[in-house]
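Visitor: need a structure here:
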Amino acid sequence: MSTRAIQFLKHKKIAFEVVRYEHQEKGAEYAAKATGYPLAQTVKTLMVDLGEKEYTLVLMAGDKQLSIKRLAKICGVKRAAMADTKTAERLTGYLVGGISPFGTKQKLPVVMEEGILDFDKILINAGQRGKMLILAPRDIQTCLGCTIANVAQS
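Guide: Residues are numbered from 1 along each chain as shown. Next up is the predicted model:
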């Protein structure tokens, strides 16, 4: 079954490969184990509330944690916080555990952790729990117009 994320990438003529796994729990760690893909190359899509009804998606390597302080500074806001599940699902149109940065219901800015660009290929959510995509981070940067920044905790 195709997802909005897959349709989005096909429309943009971006090369990708679909990987399926038995979804038993959400999170990059579980997805990496289930697919046999390295955790550092398994990218999680985080929804962050920047306040005043502004939101951003953050693409973060599975082995790193987001620095909310750094992100707020990069986005030019006083404070940021993880968005609640309901908001994340409403804005993206995807269930938490299956959120993809591609084909979201509402167009959202995307910040990509700079370390992701160190890899030729990464694993990222396809918009459905248990379905992932393998593609080049440079292609993600190009098709989403990502801001590249160091937003990982040191």
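
Visitor: now do the strands in the protein.
Guide: Taking DSSP state E, the strands of the chain run over residues 17-20, 42-51, 54-61, 81-82, 110-113, 122-128, 131-135, 147-149.

Visitor: can you redo those strands as TSV with mean neighbour count?
Guide: Placement of C-beta: from N, CA and C, glycine included. Converted to TSV, those look like this (neighbours: other Cβ atoms under 10 Å):
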stretch	mean neighbour count
strand 17-20	13
strand 42-51	22
strand 54-61	22
strand 81-82	12
strand 110-113	22
strand 122-128	25
strand 131-135	22
strand 147-149	16
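
Visitor: quick check: angle from the worst-scoring helix or strand of the chain on mean pLDDT to strand 122-128?
Guide: Across the helices and strands of the chain, mean confidence by mean pLDDT, DSSP states H and E is lowest for helix 28-35: a mean of 90. In terms of direction (axes from the mean of the first three to the mean of the last three Cα atoms, to 10 degrees), helix 28-35 departs from strand 122-128 by 100 degrees.

Visitor: for the residue most central in space within the chain, name its beta-bridge partners.
Guide: Taking Cα atoms, centre = their mean, the centroid of the chain lies closest to T45, which sits 2.4 Å from it. Beta-bridge pairing for T45 (DSSP bridges): L59.

Visitor: was I right about it contacting L123?
Guide: No: using Cβ atoms under 8 Å, T45 makes no contact with L123, being 11.6 Å away.

Visitor: okay, now T104: neighbour count?
Guide: As a burial measure, T104 scores 22 neighbours (other Cβ atoms under 10 Å).
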